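Participant: What follows is a predicted protein model with its sequence.
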Amino acid sequence: MATTTTPVPAATPARSGWRALLPSWSARLGIGLGLVGAIGIFGIVGPLLLGDPDAIDNMGRTPPGADHWLGTTQTGQDVLSQLAHATRGSLQIGLAVGIGATVLSALFGVIGAYLGGVVDEGFSLFSNVMLVIPGLPLVIVIAGFVPREQRGWWTLAVVLVITGWAAAARVLRAQTLSLRGRDYVLAARVAGERHWRIVTVEILPNLLPLIASQFVFAVIAAILAEAGLAFLGLGAPNTHTLGSMLYFAQNGFALQYEAWWWFVPPGLVIALFGCGLSLINFSIDEIINPKLRLPKAAGRETGRVADRAAAGPAPAADPDAVLTVRDLDVVYRTAEPVHAVRNVSLTLRRGEILGLAGESGCGKTTLAYAVGRLHRPPAEVSAGSVVFHDRSGTDIDLLALEKEELRAFRWDKLSMVFQGAMNSLNPVISVHEQLEDVLTTHRPGMTAAARRERCAEVLTLVGVDPARLDSFPHELSGGMRQRVMIAMAMLLDPQVMIMDEPTTALDVVVQRGILREIIRLRDELGFAVVFITHDLPLLLELSDHIAVMRDGEIIEYAPAERMYHAPAHPYTRQLLDSFPSLTSERGAFVRGGGTDPEGAPR
Ligand SMILES: Nc1ncnc2c1ncn2[C@@H]1O[C@H](COP(=O)(O)OP(=O)(O)OP(=O)(O)O)[C@@H](O)[C@H]1O
């Protein structure tokens, strides 16, 4: 069988130490940092170099020229010098309000939601009250209440903090309520971690992208609000801000006299600063969420092996084959690339149960996902082919399918039951609706009555009472939920089902029951199954053929019967020995420790 091989590109060098915490470089991060940095430096250094912004030259409203690069105001003050001082003043207010509003919102949102009870109710009530008070009128009243001569930039900052934190607190509260029920937070509590540590180590890092974007939003909103207040004459007197510049430009009839150099620069600085902060904000997610830290090569859609389409599917060597996998390689393109599947070849025949066994981390799930084209970056199929031989006689090259073709193919011809599938049901939608969704997507011509009938039929097939159709997932036992997931995978009468440890979370009795159903259904309906588990003895009972994986490779591939009586590879023997037997001593694997059966260290 001809295969097309895409060479594995060189590994991206790993970033170590503190550099690993930085987001990867991108054009938007560069532009954002450039804009914010340039405006920041201008605001800090500019006032030192450009002299007194209030110094009056006798030239009134002069256009930009050699003496005054940005011209002068009506009273002959240098616009560039004013702009530098105004930038400093606005940044000062923006940062102070950003920090203040973020601290208050985190305090009322995160702490309240984490502690719960009366504290949460009190904090929540207070933020709700602050939220319904109309912001701008309150700002105007508070700002107007403070006598003009006592109004400094910090007065405005305090007013803007008071009116600017409540909305963010609501969002943080909702997110914290969701986070505090997560397993890892509960585990930290059970492990006896202190509250402050749970909040700072388990909860806050997950909120950081949200907090960062709220900070950015608060800074921009504060600069704009200050500009609005100053424009209305409620700004701080004797303080240069971008808002006060606009106020004086308006009072000096800059627009009417077409003195654009007076009002365009402050407006532009506000817009560019907001734009720069937003661009930086995009990259903050990457620092917090390691899943987003992808090397560039892995950022694109990597489901296909690029030149497969031109090669076309290779014919099946075995006339009974429904799925042929040849020389498949899958690599996770992380900083240290992981070659999770190496040179795997398999043939799945119609109606066959093919067991895929191997210890944890050997690449079983990666292989199953790649076969169903469900892998996502950083996973990449770097070589090989996966060909589906349809009942109609057509061969389908899975790695060459376009997005829409793939959507129509999946579930119709090849379906999957995922690891931990019983948790994949949506808790707020009834079983019937979830099953029906599949039919409405793939069989749009079906009537509602036919859909309901088919849903009831598959539930009966997997041994669940069709009366349960209207139940919600939480009303079903774990075993029932698992059966519902298997029913869902069977809805469209697929030719292949990939089952990735479908019974792991269940007790042995329920597990056996479900496995018996799978064999019975296979006999009745004739679909083929790829069954993945680390439980080799279970596969020996269930499968026709078994492939044993180790470190991404298939090291033994044989009929189950032969593998049971005469395992050829020492690792297969070791795996078989690792399961305690009722009739012999404890397994050699346990006694032998982690060494290779042939003596080679692993
Ligand atoms: N997103 C990822 N990024 C980098 N490496 C990954 C990623 N996901 C899996 N791997 C690596 O790929 C290898 C195979 O993992 P895989 O989940 O396929 O194993 P498995 O045999 O299904 O294990 P288990 O039985 O525990 O589910 C492991 O070394 C794992 O660390």
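Facilitator: That came through fine.

Participant: So which residues make contact with stretch 534-551?
Facilitator: 342, 344, 346, 349, 352-360, 362-364, 367, 501, 515, 518-519, 531, 533, 554-560, 563-564, 569, 571-572, 575-576, 579 (Cβ atoms under 8 Å, 6 or more residues apart in numbering). Bear in mind the C-beta positions are built from the backbone N, C-alpha and C, glycine included.

Participant: 7 Å - rerun?
Facilitator: 346, 352-360, 362-364, 515, 519, 531, 533, 554-560, 563-564, 569, 571-572, 575-576, 579 (Cβ atoms under 7 Å, 6 or more residues apart in numbering).

Participant: List the buried residues for that stretch?
Facilitator: 534-540, 542-551 (16 or more other Cβ atoms under 10 Å).

Participant: Stretch 257-277 too?
Facilitator: 259, 261-263, 265-266, 269-270, 273-274, 276-277.

Participant: quick one: secondary structure of the residue of the stretch 501-602 of the chain found nearest the ligand?
Facilitator: Proximity of the stretch 501-602 of the chain to the ligand (Cβ to the nearest ligand atom) peaks at His534, 5.3 Å away. Three-state assignment for His534 (DSSP: H, G, I helix; E, B strand; the rest coil): coil.

Participant: Spell out which parts of the chain neighbour the ligand.
Facilitator: Residues of the chain lying close to the ligand by Cβ under 6 Å from any ligand atom are 332, 334, 338, 340, 358, 360-366, 378, 534.

Participant: In strands, which of these fall?
Facilitator: Counted as lying in strands by DSSP state E, out of the residues of the chain next to the ligand, are 332, 338, 340.

Participant: hang on, isn't the last one packed against Gly361?
Facilitator: This means Ala340. No: between Ala340 and Gly361 there is no contact under Cβ atoms under 7 Å: 8.7 Å.

Participant: Between those two, which is the more surrounded one?
Facilitator: It is Ala340, of Ala340 and Gly361, that has more neighbours when counted by other Cβ atoms under 10 Å, with 22 against 13.

Participant: Let me see the confidence value for the more buried one.
Facilitator: The model reports Ala340 with a pLDDT of 92.

Participant: try Met422
Facilitator: In this prediction, Met422 has a pLDDT value of 63.

Participant: Over to Leu582?
Facilitator: So Leu582 comes in at 52 (pLDDT).

Participant: repeat for the one 4 residues further on
Facilitator: The per-residue pLDDT reported for Arg586 equals 43.

Participant: Give me the domain ranges for the chain.
Facilitator: Split into domains by automatic domain parsing, the chain comes to 30-46+75-289, 308-413+494-592, 423-493.

Participant: Lowest mean pLDDT across these, which one is that?
Facilitator: domain 308-413+494-592 (a mean of 82).

Participant: where along the stretch 401-550 of the chain do the helices fall?
Facilitator: 403-409, 431-442, 448-461, 478-490, 508-525, 536-542 (DSSP state H, counting those that start in this stretch).

Participant: need these in JSON lines with distance to Ile39, can you?
Facilitator: Below are the helices of the stretch 401-550 of the chain laid out as JSON lines (distance: least, Cβ to Cβ, whole Å):
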{"stretch": "helix 403-409", "distance to Ile39": "42"}
{"stretch": "helix 431-442", "distance to Ile39": "49"}
{"stretch": "helix 448-461", "distance to Ile39": "59"}
{"stretch": "helix 478-490", "distance to Ile39": "54"}
{"stretch": "helix 508-525", "distance to Ile39": "63"}
{"stretch": "helix 536-542", "distance to Ile39": "64"}
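
Participant: what's the closest of these to Gln175?
Facilitator: helix 431-442 (26.2 Å; Cβ to Cβ).

Participant: packing partners for that closest one?
Facilitator: Packed against helix 431-442 by the contact rule (3 or more Cβ pairs under 7 Å, 6 or more residues apart in numbering; DSSP states H and E) you find helix 448-461, helix 478-490.

Participant: which of those is buried the deepest?
Facilitator: helix 478-490 (a mean of 23; mean count of other Cβ atoms under 10 Å).

Participant: who touches that helix?
Facilitator: By Cβ under 7 Å, 6+ apart, helix 478-490 touches 415-417, 421-422, 424-425, 431, 435, 438, 458-459, 461-464, 473, 476, 497, 502-503, 505-506, 510, 514, 521.

Participant: Looking at the stretch 101-250 of the chain, which residue is nearest the ligand?
Facilitator: Asp183 (17.2 Å).

Participant: ok so, going back, out of the helices and strands packed on helix 431-442, the one nearest Ala230 is which?
Facilitator: Closest among the helices and strands packed on helix 431-442, using Cβ to Cβ: helix 478-490, at 60.2 Å.

Participant: so what's Val338 closest to, chain neighbours aside?
Facilitator: Tyr332 (4.2 Å; Cβ to Cβ, 6 or more residues apart in numbering).

Participant: how much space between the closest residue to Thr440 other than its chain neighbours and Ile198?
Facilitator: Leaving aside its sequence neighbours, Thr440 sits nearest to Arg451 (Cβ to Cβ, 6+ apart; 7.1 Å). Using Cβ to Cβ, to the nearest Å, Arg451 is found at 46 Å from Ile198.

Participant: How about Arg483?
Facilitator: In terms of Cβ to Cβ, Arg483 sits 37 Å off from Ile198.

Participant: picking up where we left off before, of the contacts of helix 478-490, buried ones?
Facilitator: By 16+ other Cβ under 10 Å, these give 415-417, 421-422, 425, 431, 435, 438, 458-459, 461-464, 473, 476, 497, 502-503, 505-506, 510, 514, 521 as buried.

Participant: Sketch out the strands for the stretch 101-250 of the chain, chain order is fine.
Facilitator: Here the stretch 101-250 of the chain has no strands by DSSP state E, counting those that start in this stretch.
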